[in-house]
Every structure is written in structure tokens, then in C-alpha cells.
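Build me a model:
(one chain, ligands or ions: 2)
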Amino acid sequence: MKFSDRILNINPSATIAVGAKAKALKAQGFPVLSMSVGEPDFTSPECANKAGIEAIKRGESHYTLNNGIKELRDAVSAYYNKRFGLSYKPTQIFISTGAKAALYESFGVLVNPGDEVIIFTPAWVSYKEIIKSFGGKPVMVDTLSTNFLPTKEAIEAVITPNTKGILINSPQNPTGAVYPRDTLLMIAEVVREHDLWVISDDIYERLVYEPHSFLTLLQIAPDLYDQVIMINGASKSYAMTGWRIGYAVGPEDAIKMINKFASHITSNASSIAQWAALGAVENGDDDVQYMLTEFTKRRTKILDLLSEMPYIQVREPEGAFYVLVDIRNCPISDDMIFATQLLEKKYVAAVPGTAFDAPGYVRFSYASSMDTVVECMKRLKEFLEEME
Ligand code: PMP
Ligand code: GLU
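Ligands and ions are numbered 1, 2, ... in the order given. Now for the predicted structure:
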């Protein structure tokens, strides 16, 4: 079979690939522990489970509206109002099959072949591949030497007449950086000056560690309302990765286009999962708080343990559940070799930074249990101490 240029031109998801390799080794009996995939170890909140089970018993087994059940869109609308003071009608919200589909559909309705989209790297693995799959050109602005935050000079240096949009992700995967007000104000300025659209991937917005706090772009630049699509969902905030519920929130015309596009791809997201997500959005705040407290403890622990290790350097993450470790001063400074040997010699799975356009770095996800975090750090320390 001859495959399309589209699929041959994109790379597989490295985060998913490392996770699968770790699972395969474990299935063969190796004592593998994973800090690779960004997936909370908690099971979904009881309020979500209950709402899902009730939906099954009520017979909610049919197609829903293509854009999602009105109840969930109402609840997301109320959430955006309460949390961010932003006003969105239920027709401005699309419920998707996970945030990844919301991103795919959003880029799909915005990107023409040849369009350039700015991404701040290190960046999550899928943005660039999704943009490429629509014939767009991802344009990377490196933030490794600017504390994981983009600067105006660096953005302006890559802007061309073909630049159409910017992707923002804060809290950021894989750096854990949370964009401060000043950075957002600067991005808003660039967006205004060059009349760009913005996709703001806010999937980790509930996972921010004190004293830091989260701001979404529109809170500080409400005049950009018609240019911004926000991506969010149940996967990270409510530990509901397997249910596959995400949302796109934005101007009515954009959401209408996303709805049209999705009507030929997934149709509606799973009916049962939508009802479960409604349970979480309406009643899951205590669960979010509990998980945040646990992630806070793990974050403190992992930073503590990393600080005792030779060669490496770490910039403290302010949000999400990732630490991007700088291994450039290690005897093995190639992140692909580092991650492979760490897995093969010490059975610890982590994602090489190259996957995020951060060669010389390795990402550890502390969404795994405290015991796993502690044991992995013990093995990492041994690995570093044995390195020549
Ligand atoms: N955005 C970012 C930054 C992510 O890390 C992920 C990974 N889960 C997603 C979007 C996709 O989320 P979902 O699992 O809901 O598709
Ligand atoms: N987003 C998570 C990660 O970065 C889950 C895997 C994926 O979808 O990429 O590990």
C-alpha cells in the first residue's frame, strides 16, 4: 500500500511510544517504573463515576448533539464565568473526544497549507505534527535560554507575512512553566500588532502550585475575544484521561466550524463520558483540591531528591506535573541515549527532551504515585553516580 504524504510526513507521539515501551517491558517481567506519560495515577472522582453509571442505567446510549450534551456545555459555560469572569454561551463550547481532538479540530479549521504557526519550545509533542498534517508550517521559538518563557524579540524575529497564529500552553508541558502576566501581556501585544489567532491550551490550568497562579490570555486581553480558542478538558484536572472528554471554548463562528469538521470525524464525544464529565465539573472541586495537594507533595519531594544529584540542573516547575531535567553536563549528555540507558539499566521510563525540541533534557512526570517517584529518583541517582 502506498501511504499519503500527510501521514509519512508526521512523527509518532513519543510520549505514547515511551509509555508503550515501558508497559511492554513490564509485561515481560522487568521491574519497570514509569515517569513517562503525563497521566494522573488517581482514578476518576466518585462524583464522575456515579454520574457515568447513572447515565448507563438511564439508557444514555445514543448519539448526543454533535457538539455535546447541553447540560455539559451549560456547566462549562458556568465554569468559565465563575473561574475566569469570561462569558460564553453554550453554542460557543464544543465537547470533544479528549483535548487532543479539540486541538486537531481547532487547527483544522484555522490552518491553510503554507500558514505558519508559532510554537514556543520545548513544547508538547503533538502540536507540530497536527499543524504539519494540515499542510501548515510549525515555527519554533526556543525558550531554553530564556527561562522557558518567550521574549518579544524572539517572536518578532520569526514573524513573516505567512504567520497566522500562535499556540500558547500554560502551565506548560514539558517545562511546567506558568506564564506570568507580563509574558501574556507581551504575547497579546504581538497578537494585536500582527492580527494573529491564538490557540490557548489550558489543559493544566487547575494544576498550579502556590504561590503561583494561573491567568488565561483573555483575562488580561479581553479585546482578543474573537481571536482566541481555549482548549481544556477533564483529562488532567479530574484524572479522567481514559474517558476522553475535552472542550474547545471560543468565538461562535470558530466553534461552529469545529462542530462542522467534527461532524465528519468523531461526531459527538462518548455520551456516557460526557455525563461523567458533567458530574466532575459540577461536583469535583474537592477532588481537584485533593489531587493538587498530593501533586504538591510529590513536586516538593522530587525537587528535593533531584537537588542532591550530580551533573543535572532543574528549573522549578510552577504547574502541571512535569520536571524537565537538564542533563547537558552529564557524561551521557545525549538525551536519547540517556533515556534508553535509564530504561534498560535501571528500568525507569522517562521521555527524552528531543521529543519536545529540547535536546539535552529529559522529562519526568510526577503524576505517578509517591512510592514510584521516590524509587525512580533512587534509581536515577544510582544511574548518574555510576555514569562515566
Ligand atoms: N495538551 C497537552 C499540553 C497535553 O499534555 C495533553 C496530553 N494529555 C493534551 C493536550 C491532550 O489531552 P487529552 O488526553 O484530553 O487528549
Ligand atoms: N499529554 C501526555 C504526555 O505528554 C499524555 C500522552 C500524550 O497524549 O501525549 O505525556
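
Which strands or helices does the helix or strand harbouring residue 343 pack on?
Under the criterion of DSSP states H and E, residue 343 resides in helix 335-346. Counting contacts by 3 or more CB pairs under 8 Å, 6 or more residues apart in numbering; DSSP states H and E, helix 335-346 is packed against helix 14-27, strand 348-349, strand 351-352, strand 361-365, helix 370-386. The C-beta positions use only the backbone N, C-alpha and C, and glycine is treated the same way.

all helices for the stretch 101-250 of the chain, in order.
125-133, 152-158, 181-194, 217-220 (DSSP state H, counting those that start in this stretch).

Can you get me the start-to-end distance on stretch 2-12?
18 Å (CA to CA, to the nearest Å).

so after the top helix by length along the chain, what's the next helix or strand?
Scanning the chain for the longest helix, with DSSP state H as the assignment, gives helix 285-307. Counting by DSSP H and E, the element after helix 285-307 in chain order, helix or strand, is strand 313-314.

strands paired with that following strand, and their directions?
Using DSSP bridges, strand 313-314 pairs in its sheet with strand 322-326 (antiparallel).

the inter-axis angle of the strand it pairs with versus helix 335-346?
Using axes from the mean of the first three to the mean of the last three CA atoms, to 10 degrees, the inter-axis angle of strand 322-326 relative to helix 335-346 is 110 degrees.

ok, now which ones touch whichever residue of the stretch 151-300 of the chain sits closest to ligand 2?
At 5.3 Å from ligand 2, residue 173 is the closest residue in the stretch 151-300 of the chain, using CB to the nearest ligand atom. Shown in contact with residue 173 (CB atoms under 8 Å, 6 or more residues apart in numbering): 38, 123-124, 204, 320, 322, 356.

Serialize those residues to TSV and add fields for pLDDT, distance to residue 16 and neighbour count.
Shown next, in TSV, are those (pLDDT from 0 to 100; distance: CB to CB, whole Å; neighbours: other CB atoms under 10 Å):
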residue	pLDDT	distance to residue 16	neighbour count
38	92	11	24
123	98	16	25
124	97	12	24
204	98	18	24
320	98	17	30
322	98	15	27
356	97	14	26
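
Now narrow these to whatever sits close to ligand 1.
Here is what survives when the contacts of residue 173 are matched to ligand 1 using CB under 6 Å from any ligand atom: 38, 124.

Up against ligand 1, what does the stretch 151-300 of the chain have?
For the stretch 151-300 of the chain, the residues found near ligand 1 under the criterion CB under 6 Å from any ligand atom are 169, 173, 201, 203, 233, 235, 241, 246.

Among these, give me the pair with the biggest separation.
169 and 241 (17.2 Å; CB to CB).

circling back to that earlier point, keeping just the C-alphas, turn the helix holding residue 343 into CSV.
Extracted C-alpha coordinates of helix 335-346, given in CSV (Å, rounded to 0.1, in the frame of the first residue of the first chain):
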residue,chain,number,x,y,z
ASP,A,335,19.1,12.6,25.9
MET,A,336,18.1,9.8,23.6
ILE,A,337,20.9,7.6,24.8
PHE,A,338,20.3,8.8,28.4
ALA,A,339,16.6,7.8,28.4
THR,A,340,17.3,4.5,26.6
GLN,A,341,20.0,3.5,29.1
LEU,A,342,18.0,4.7,32.1
LEU,A,343,15.2,2.4,30.9
GLU,A,344,17.4,-0.6,30.0
LYS,A,345,19.8,-0.4,33.0
LYS,A,346,17.6,1.0,35.8
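
i'd like the first residue to be 25 from this point on
Understood, numbering begins at 25; the last thing we discussed is helix 359-370.

between it and strand 385-389, how many degrees?
Angle between the axes of helix 359-370 and strand 385-389 is 50 degrees (criterion: the same axes, to 10 degrees).

mind putting the helices of the stretch 125-274 of the chain in JSON lines, mean neighbour count, mean pLDDT and distance to residue 324 included?
Shown next, in JSON lines, are these (neighbours: other CB atoms under 10 Å; pLDDT from 0 to 100; distance: least, CB to CB, whole Å):
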{"stretch": "helix 149-157", "mean neighbour count": "21", "mean pLDDT": "97", "distance to residue 324": "27"}
{"stretch": "helix 176-182", "mean neighbour count": "13", "mean pLDDT": "98", "distance to residue 324": "32"}
{"stretch": "helix 205-218", "mean neighbour count": "17", "mean pLDDT": "98", "distance to residue 324": "25"}
{"stretch": "helix 241-244", "mean neighbour count": "18", "mean pLDDT": "98", "distance to residue 324": "28"}
